[in-house]
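Quick check, what structure comes out for this input:
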Amino acid sequence: MESLKGSIVETIFRNDENGYTVALLETADEVITLTGTFAGDISGESIEVFGKRVKHPKYGEQFQVEMYTTLLPTGLDQIENYLSSGLIKGVGKHTAKKIVEAFKEDTFDIIQKTPEKLTLVEGIGEKKAQMIAKSFQDQADLKEIMMFLQNHNISTNYSIKIYKEYGKNTINVIKDNPYRLAEDIYGIGFKLADKIASSLGVEKDSPYRISSGVKYVLLEYALRGHTYAPYKSLVKATGDLLETSIENIEDEIRNMAFTDKIHIETLDSEPVVYYLPYHTAEVNVCKKLINLASIDPVISEEEVLKCLEADEDKTISLTDMQKEAVVQAVINGVTVITGGPGTGKTTIILSIIKIFERMNEKVLLCAPTGRAAKRITESTGREAKTIHRLLEYAYGEDDSNLTFSKNENSPLDCHAIIVDEMSMVDILLMNNLLKALKRGTKLIMVGDVDQLPSVGPGNVLADIIKSNTVRTIRLDMIFRQSQGSMIVQNAHAVNKGILPILNKKDSDFYFIRANNISNISDLIVDLYINRLPSKYGFVPIRDIQVLSPMKKGDTGVIELNKKIQAAVNPPSKFKKEKAFGKYTFRTGDKVMQVKNNYQAEWKLADNSLVRGQGIYNGDIGSIIFIDDNEQEMHVLFDDEKEVVYPFSQLDELILAYATTVHKSQGSEFPAIVMPLVWGPPMLLTRNLFYTAITRAKELVVLVGQEKYMEEMIENNRINKRFSSLDQRLRAAAEGL
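Model prediction:
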C-alpha cells in the first residue's frame, strides 16, 4: 500500500451524506487527485493518505484512499491556511492572519490550552474565543477518533457510521464495551467486534464478551426462525464461539436473566432461553389473540348467508366450503382461512369485504410485502397496504426495535382487518399489528400454511392453526378455472407427496433433463435470454424469475446472477457500474433489497412531489442511474418508487435475476425457472419445492435431475422451529 504526505489545495467535490470526496493533494513532488471517504471536510488540511494509484478512463491518474491520518501543519503559512479553511468556526482569512501574527508557532497550543489569550487579538471577544477553541477541539476529537478506529482496522465507511452513532464519545464507548458495535452498527457483527475487543486487550472471559456472545448466538437462532434456544444448545454454541469455560457462560446467562436481557423458562420439561423482545412478543400475541377471539358475535350465521345470497345473484358464486369460510370470518373475533393455489382465497376475501361494506363497517386490508399488498388491491379493487405502512412506522434501526404510530394508545380505526399472506408474518410484526387492534376488531388471517414459514423468527400461522384455539377453515377444492393449470394441480399433488405430471402437451409445467452442473446453469441462462422470450413473449427481467434453494454453488443464486447478468446486461462503455461486495452493479440491473430500511426515502418517478419512506426486505427494483460524482445509485422499485442509495449503503442490495426461494415469498411471477441439483437435505424439502412452484402464474420450468425433485417431495421434514405460541394459546384457552 502506497502512502503520500501533503496538503489539500482544493476540494473538487464532497458528498456530506456519505463522506465521499474528490480533492487535490499537493506533495513535495506532485499534485494528484485523491478519491475516497473522509469523515469531515479536509479542505486546507495536511494529511497522510494510504492507498493505491488507479487510472480513471475519463479523469486520468488518481489516488484511491483506503486510510488516512490528519497532520497538524507546522509552517506559519500552513497554520494560517488551516485556520481559514472553514474547518474552524469564526475564523476567516483576515482573523487567521492576525492570530498567526500574534502567536506564531504557538498558535495551536494557545487555542488548545489557553484560548482566553485569543482575546488579545483585535476583533476576538470572549464568546468568539470560546467558539474557536470548541471548533478546534471538535476537529481534534474527530481526527483522534478516526485514527483510533483505523488503528483497529475499521474501514473508513464503518468509521463514519460509528462516529455518526456515538459522536465525540466514540472512543470511550468502544473502550468501555466494544461489543456495542455489533448491536448498534448495521454491518458490524459479533466477530468483527470481537476482533476489535481483542486488539483493545479485552479478556476472553470478560462479562461484556460473554454477554455479547450469548446475545449473538440467540440472534443467530432468530435468523434461522427460532424465538428461543434450548438452554443446553445455547451454552454449547456460546462455548464453541467464545472458547471460554461453561461455568463462566452459565454465570453470565443467569446474570442476563436477572437484569432482564433474556428470559429463561421451562418448556416440555426442558429449560429454554429467549432473547427478551421475542419472549415479550410471543406472550403478547397469545394474550391479544385470546382477547380478540373471546368477543361474542354481533351478527348471526343466517344474516351473513342472506347477504351472501344477495351478492351471489349479482357477481359471486361460492361453494359450501367457501360460504362457511365467509360466515366464520364475519361472525368470529379471529379466523384463519388457509389453502393452496386455486382454492378461492381471493374470492372469499372479496365476499367478506362486500358483507362488511353492506353492514357499513370499515375493513382494512394488508399484507407483509408491497408486492402482496399490490396484488390484493388489484384483485379486490380496494386499497391494501403493507403492515408497516398501515401501522405508520415511525423509526427503527432493526426489526426488534420498531416503533409504530399505531399502537394500543392510538389504535387502528376499523371494524375488521384482513391480513393476506399470513405465512410470512413473524412474531415481532404480529405483536405490533395486534397492539394496534381495539377489543372488538375482527381479525381475519388468510394464507397458505404449507408454504415456507416467515423469514423472521416465529411460526405464527402454523402455531395458531396447531393450537386449535382459533376458528380455522381449510380450503382443499381446486376451482374450475384453475383445473386446467398443471401448476395448480401439480402444487396440490406435491403437497400430498405425489410426483407432479411433467411435460404434458400444451402444459404450463415443464422439466428439462440435464446431468452436468455446467449444462444446467447454461440451460437456465438460455431459457432466460432466448427460449422463453421467443416462445412465450416474456420480457426476461420483468417476467422471468430464476429461483434456487441455495445461495452458493454453480447453481446457487450468486453464480446464476453473475451468469445471467453477463448475458442480459453485459459491460458497456455506455453503462455506469459499481463493484461492491460479491457483485458489480450496472445500470439496468435487476436488484433486491435485503434489509428492512424504514427510513429509506423514496419519491414517485412520475411525480417527485409524492414522497414516502420505507423499502423492505424482498422488494425488487432496477438500477436506473449510477452517479460516480455524487457516489450514489438510483433504484426504481415497483416501476414507480425511486430510491437513492449512497455507495456506502449498497450492502442492502443484491442482484435479483436469480433469488432464493425464501426471498421469493409473497411474490408472484409470470414464469419461474428452477435448478434441480444436489443440496443439503435441510434445504431440499417438500415445502420449499411447493413454495417455489406456487410463485409462478403462467409457467414453471425445472432444469436438472428428476431424482432431486423426488427427494424434495419425499423429504417432508419440516425444519423444526423453536417457538411456543401454540402451547401458550392452548394453555390460555384452557384457563378461560
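
Spatially central residue for the chain, please.
K595 (1.2 Å; CA atoms, centre = their mean).

In three-state terms, label it for me.
Reduced to three states with DSSP: H, G, I helix; E, B strand; the rest coil, the structure at K595 is coil.

Adjust the sequence numbering to begin at 780 for everything that follows.
Renumbered: residue one is now 780, and that last one reads K1374.

That one reaches V1234, doesn't it?
No. Between K1374 and V1234 there is no contact under CB atoms under 8 Å: 11.3 Å. Where you see a C-beta, it was placed from the backbone N, CA and C, and this is true even at glycine.

any shared contact partners between the two?
Common contacts of K1374 and V1234 (CB atoms under 8 Å, 6 or more residues apart in numbering): N1396.

on that earlier part again, what's the spacing between the spatially closest residue to the residue nearest to the centre of the chain that is not a sequence neighbour and V1370?
In space, and not counting its chain neighbours, K1374 is closest to E1431: 4.8 Å by CB to CB, 6 or more residues apart in numbering. Plainly put, E1431 is 10 Å away from V1370 if you go by CB to CB, to the nearest Å.

Pull the contacting residues for the residue nearest to the centre of the chain.
Y965, N1396, E1431.

which residues touch stretch 1380-1396?
By CB under 8 Å, 6+ apart, stretch 1380-1396 touches 1148-1149, 1165, 1167-1168, 1172, 1234, 1372-1379, 1415-1416, 1418-1423.

need the strands for the stretch 930-1079 of the chain, in chain order.
1007-1009, 1041-1046, 1049-1054 (DSSP state E, counting those that start in this stretch).

Give me the average confidence score over the first one.
The average of the pLDDT scores along strand 1007-1009 is 96.

Relative to it, what are the paired strands and their orientations?
strand 1049-1054 (antiparallel) (DSSP bridges).

Same check on the second one?
Each strand that strand 1041-1046 pairs with, and the sense of that pairing, follows from DSSP bridges: strand 1049-1054 (antiparallel).

that older thread, could you measure from the residue nearest to the centre of the chain over to N1139?
Counting by CB to CB - K1374 and N1139 are separated by 41 Å.

Same check on I1127?
With the distance defined as CB to CB, I1127 ends up 21 Å from N1139.

ok so, going back, so what's the residue nearest to K1374 up against?
With CB under 8 Å, 6+ apart, E1431 has these contacts: Q1372, V1373, K1374, N1376, Y1424.

for the fourth one, which residues make a bridge with it?
Beta-bridge pairing for N1376 (DSSP bridges): I1394.

Then the first one?
Using DSSP bridges, the bridge partners assigned to Q1372 are L1432.

wait, it sits on G1397?
Yes. Counting by CB under 8 Å, Q1372 does reach G1397; the two are 7.0 Å apart.

could you check the distance from the residue nearest to the centre of the chain over to Q1484?
35 Å.

residue contacts, I1032?
I1032 touches V993, Y1010, L1013, V1014, I1041, I1043, V1052, counting by CB under 8 Å, 6+ apart.

So A1270: helix, strand or coil?
Per three-state DSSP, A1270 ends up helix.

if I pick it, what's in contact with it?
So A1270 contacts G1119, P1120, G1121, Y1469, I1472, T1473 (CB under 8 Å, 6+ apart).

redo that, cut-off 10 Å
1119-1121, 1227, 1229, 1257, 1261, 1264, 1279, 1288, 1468-1473, 1475, 1479 (CB atoms under 10 Å, 6 or more residues apart in numbering).

any residues in contact with both of E1431 and V1370?
Shared contacts of E1431 and V1370, counting by CB under 10 Å, 6+ apart, come down to V1414, Y1424.

before we move on, back to that, need the strands of the stretch 930-1079 of the chain in JSON lines with distance to N1111 and mean neighbour count, can you?
Listed next are these as JSON lines, based on distance: least, CB to CB, whole Å; neighbours: other CB atoms under 10 Å:
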{"stretch": "strand 1007-1009", "distance to N1111": "30", "mean neighbour count": "23"}
{"stretch": "strand 1041-1046", "distance to N1111": "29", "mean neighbour count": "16"}
{"stretch": "strand 1049-1054", "distance to N1111": "30", "mean neighbour count": "20"}
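
Turn the ones you listed into TSV, including distance to N1274.
TSV is the format used below for the strands of the stretch 930-1079 of the chain (distance: least, CB to CB, whole Å):
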stretch	distance to N1274
strand 1007-1009	29
strand 1041-1046	29
strand 1049-1054	31
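
closest one to L1212 among those strands?
strand 1049-1054 (20.1 Å; CB to CB).

element containing the closest residue to P894 other than its chain neighbours, please.
For P894, ignoring the flanking residues on the chain, the nearest one in space by CB to CB, 6+ apart is A912 at 3.5 Å. For A912, the host element (DSSP states H and E) is helix 905-930.

got it, and E1421?
Short version, using DSSP H and E: E1421 is in strand 1420-1425.

That strand - which strands sit beside it in the sheet, and in what orientation?
Sheet partners by DSSP bridges: for strand 1420-1425, these are strand 1376-1383 (antiparallel), strand 1411-1416 (antiparallel).
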